[in-house]
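Asks: Next come a sequence and a model predicted from it.
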2 protein chains.
Amino acid sequence: MPTIADIAKRAGVSISTVSYALSGKRPISAATRARIFAAVEELDFRPNQVGRALASKRTNAIAIHYPTTDHVLSEMPLEFIISAAGETARRGYSLLLSTSSSKDDDWLRLMHEGFVDGLILMEVRLDDPRVPLLQRHGYPFAMIGHTREHSGLSFVDLDFENALAVAVNYLADLGHPQIALISRQQSLHEAGYGPSVRSEAGLQQAAEVRGVEPIVRFSEPDPMSGFETTRDLLAEYPRLGAIVTLNSEAIGGVMRAVHEAGLRIPDDVSLVATTSPRIAALIAPPLTTVDIPTETMGRVGADLLIRRLEGGEAEPTQCLLRAGLTARGSSGPYARSSHAR
Amino acid sequence: MPTIADIAKRAGVSISTVSYALSGKRPISAATRARIFAAVEELDFRPNQVGRALASKRTNAIAIHYPTTDHVLSEMPLEFIISAAGETARRGYSLLLSTSSSKDDDWLRLMHEGFVDGLILMEVRLDDPRVPLLQRHGYPFAMIGHTREHSGLSFVDLDFENALAVAVNYLADLGHPQIALISRQQSLHEAGYGPSVRSEAGLQQAAEVRGVEPIVRFSEPDPMSGFETTRDLLAEYPRLGAIVTLNSEAIGGVMRAVHEAGLRIPDDVSLVATTSPRIAALIAPPLTTVDIPTETMGRVGADLLIRRLEGGEAEPTQCLLRAGLTARGSSGPYARSSHAR
DNA sequence: CTGTTAGCGCATTCAT
DNA sequence: ATGAATGCGCTAACAG
């Protein structure tokens, strides 16, 4: 591996001249610049990032922390990560992935040991213990999701209250007097998982405004649990004709329970799923969705952090995305009365 | 951030003594070692990885390359990545994620610029252009999957030929005279995607041995395509009672097509899916699966690379995993004759 | 416009 | 068992 010294020698200039030619931080005469770049070409020189990092105190690498222990894998986090990776690469950074559990502090180690310049946090809780830790050390970070208290923090998130309002309005317009939300695990909800808590708030609020009855159920992130939850739900509310699900892992079970109850989608039951457009496309038949813009969220998460790293002490940016609703085949007007059991 | 020099001063020893105490590469008297570690505690010292990397010429970081452009996202790659991340962290390494397309060489840049010690390759083609590139530079790497020519290379892969043989034997034992394989995109197959090519070979071979008729169809990785493919398949082969699918993204559509043809699983059609156990658990009703040990594959991929990095010039390790079959509710004895259309 | 020089934080060789 | 000194590859003052 050639070093900057090899280039300097070959081009007949000093080391610093090469460095400045490469960084463009100092004017270089066209002639010497040409000789330098010629040497770079001939030797296939690549500036060593470690040397550069040590001298400049910036590694040009960031890490994304995805704590896996408490969640079943699904595609949404992958979409965040892939999208963040793309933006990171476009901006000339590298992306590290840490999956340490919340107790383990491998994700913090990366910052402590100076291997990354900043962090992106995923799976953020309303009271996330990582936030005070990072603040105490003054480490730069951005969140995908947001904490209850978030003044001065950078984050991107879906506006889940709004998302549920969108779903409720849509279903209320179709004439449904009752709307059930199938949320995620109750444990998550109790642990203060933002999407869960904020969605329920959105449901309650919008339901009151529209004068419909809100119902909330929790489901584990798997079809079996979705099946059981939905089966019980339909039994308990014989006239229920509208279901919103937050839990994309459970959708298969939800649909199956509806069918096994002798009901049809969308004729008897309107189903609206909160999920990423990409995932919705993978489901048959097509689902009406409140779209979670995962691609945007991952990209903006990386962008916010990098901007913070490069912009010096720029003010934090908070980005609450409003959800769009895409009506597909799985929802229709209320017609459930005839099926009362 | 305290440095090793701060520790040395505080403990009243030289810098090198601190370094050796930390690395354990030289005997240190109990007394001074105690003073050193006390200082480390008091100052909350963390050795700077960049300084260490520059001096030792090892970053203790590896990268995993997951080219996304040519594939729809699914959970299987996420499982590889998460699992590799876990093993990487356990071994004291960091994991970088590169998702650059095959033409883009961002993944190579990481090695060129000395930011990582080695690479894990995902989505390996039979003739993968990355391999000769890496070999030319002498960069250490390991593959999840394997190329046609692989002598001297380290990899972990599922033995897809064996996997299909397992599926065929199982279905043949149930009495099925015809077995259809629903493979992935034809474009992938033609591009030499290993799992696709090797699975077909396994099917053909095992079918011949067992005297059953093999049928191969390709499907895009989505339920709609799976639906159409299966619908056409059932129309073309009215007595078909056994389907094996490689394409877990299409399974929903496959199942729906079977149902809409007036057939039942497992009474009329036996369905065997080649997928990860974790994903199988997410499907309702439960699927008989040829299990792809994604967790093992990701872990071993990282292990092989790290072992290569640490073991000096150890011989390459090739790890072809045999698949297990888990019979669940979706497969049963051949009974399709009565349904001939 | 260009060169000289002093680190960045740590590992390691050579002394003692 | 310990210290002193050198250098990893590069950046960025400082000095022309």
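Replies: Nice, I can see it. Residues are numbered from 1 along each chain as shown, chains lettered A, B, ... in the order given.
Asks: Does the helix or strand residue A:54 falls within pack against any helices or strands, and if so which?
Replies: Using DSSP states H and E, residue A:54 sits within helix A:49-56. Using 3 or more CB pairs under 8 Å, 6 or more residues apart in numbering or on different chains; DSSP states H and E as the contact test, the elements touching helix A:49-56 are helix B:49-56. From N, CA and C alone the C-beta is placed, and that goes for glycine too.
Asks: Now the helix it packs on: buried residues?
Replies: For helix B:49-56, burial by neighbour count (16 or more other CB atoms under 10 Å in any protein chain shown) applies to B:49, B:50, B:51, B:52, B:53, B:54.
Asks: and what of stretch A:200-218?
Replies: For stretch A:200-218, the neighbour count (16+ other CB under 10 Å) marks A:200, A:202-204, A:206-207, A:210, A:212, A:214-218 as buried.
Asks: Sketch out the low-pLDDT regions of chain A for me.
Replies: Counting by pLDDT under 70, chain A contains low-confidence residues at A:69-73, A:102, A:282-285, A:312-313, A:337-341.
Asks: Helix, strand or coil: sort out whatever residue of it ends up closest to DNA strand C for me.
Replies: Residue of chain A nearest DNA strand C, by CB to the nearest atom of the strand: residue A:27 (2.6 Å). Secondary structure, DSSP: H, G, I helix; E, B strand; the rest coil: residue A:27 is coil.
Asks: Report how many residues lie close to it.
Replies: 8 (other CB atoms under 10 Å in any protein chain shown).
Asks: Columns secondary structure and distance to chain B on top of the buried residues of stretch A:200-218, output as CSV?
Replies: Shown next, in CSV, are the buried residues of stretch A:200-218 (DSSP: H, G, I helix; E, B strand; the rest coil; distance: CB to the nearest CB, whole Å):
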residue, secondary structure, distance to chain B
A:200, helix, 24
A:202, helix, 26
A:203, helix, 25
A:204, helix, 29
A:206, helix, 30
A:207, helix, 29
A:210, helix, 32
A:212, coil, 29
A:214, strand, 26
A:215, strand, 22
A:216, strand, 22
A:217, strand, 17
A:218, strand, 17
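Asks: how about those, which pair is most distant?
Replies: For the buried residues of stretch A:200-218, the maximum inter-member distance is 22.9 Å, found between A:210 and A:218 (CB to CB).
Asks: All the helices of the stretch 101-250 of chain A, in order from the start?
Replies: For the stretch 101-250 of chain A, applying DSSP state H, counting those that start in this stretch gives helices covering A:106-112, A:130-137, A:160-173, A:186-190, A:194-210, A:223-236.
Asks: between the third one and helix A:194-210, how big is the angle?
Replies: Looking back up the chat, that one is helix A:160-173. Relative orientation of helix A:160-173 versus helix A:194-210 (axes from the mean of the first three to the mean of the last three CA atoms, to 10 degrees): 40 degrees.
Asks: Tabulate the CA atom coordinates of helix A:160-173 in CSV.
Replies: These are the backbone C-alpha positions of helix A:160-173, laid out as CSV (Å, rounded to 0.1, in the frame of the first residue of the first chain):
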residue,chain,number,x,y,z
PHE,A,160,-48.3,8.1,14.7
GLU,A,161,-51.1,10.1,16.3
ASN,A,162,-51.7,11.6,12.9
ALA,A,163,-51.4,8.2,11.3
LEU,A,164,-54.1,6.8,13.4
ALA,A,165,-56.3,9.8,12.8
VAL,A,166,-55.9,9.3,9.1
ALA,A,167,-57.0,5.7,9.5
VAL,A,168,-59.9,6.6,11.8
ASN,A,169,-61.1,9.3,9.5
TYR,A,170,-61.0,7.0,6.5
LEU,A,171,-62.8,4.2,8.3
ALA,A,172,-65.4,6.6,9.9
ASP,A,173,-66.1,8.0,6.4
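Asks: That one packs against which elements?
Replies: strand A:178-183, helix A:194-210, strand A:242-245, strand A:270-275, strand A:288-291, strand A:324-326.
Asks: So for that helix, what gets flagged as buried?
Replies: Of the residues in helix A:160-173, those buried (16+ other CB under 10 Å) are A:160, A:161, A:162, A:163, A:164, A:165, A:166, A:167, A:168, A:170, A:171, A:172.
Asks: hang on, residue A:264 in a strand?
Replies: No. Using three-state DSSP, the assignment for residue A:264 is coil, not a strand.
Asks: Nearest residue to it in space, please, no chain neighbours.
Replies: residue A:258 (7.7 Å; CB to CB, 6 or more residues apart in numbering or on different chains).
Asks: mind listing what's buried in stretch A:330-339?
Replies: A:330, A:331, A:332, A:334, A:335, A:336, A:339.
Asks: roughly how far apart are residue A:115 and DNA strand D?
Replies: Using CB to the nearest atom of the strand, to the nearest Å, residue A:115 is found at 15 Å from DNA strand D.
Asks: What sits closest to that residue if chain neighbours are left out?
Replies: residue B:49 (4.4 Å).
Asks: check contacts around that neighbour.
Replies: With contact taken as CB atoms under 8 Å, 6 or more residues apart in numbering or on different chains, residue B:49 is in contact with A:113, A:114, A:115, B:59, B:60.
Asks: picking that back up, next, the angle from the helix holding residue A:54 to helix B:49-56.
Replies: Angle of helix A:49-56 versus helix B:49-56, following the same axes, to 10 degrees, is 120 degrees.
Asks: right, is helix A:49-56 up against DNA strand C?
Replies: Yes. Applying CB under 7 Å from any atom of the strand, one finds that helix A:49-56 is in contact with DNA strand C at A:54, A:55.
Asks: residues from the stretch 101-250 of chain A in reach of chain B?
Replies: Proximity of the stretch 101-250 of chain A to chain B (CB under 8 Å from any CB of the partner chain) is limited to residues A:106, A:109-110, A:112-115, A:221-224, A:226-227, A:249.
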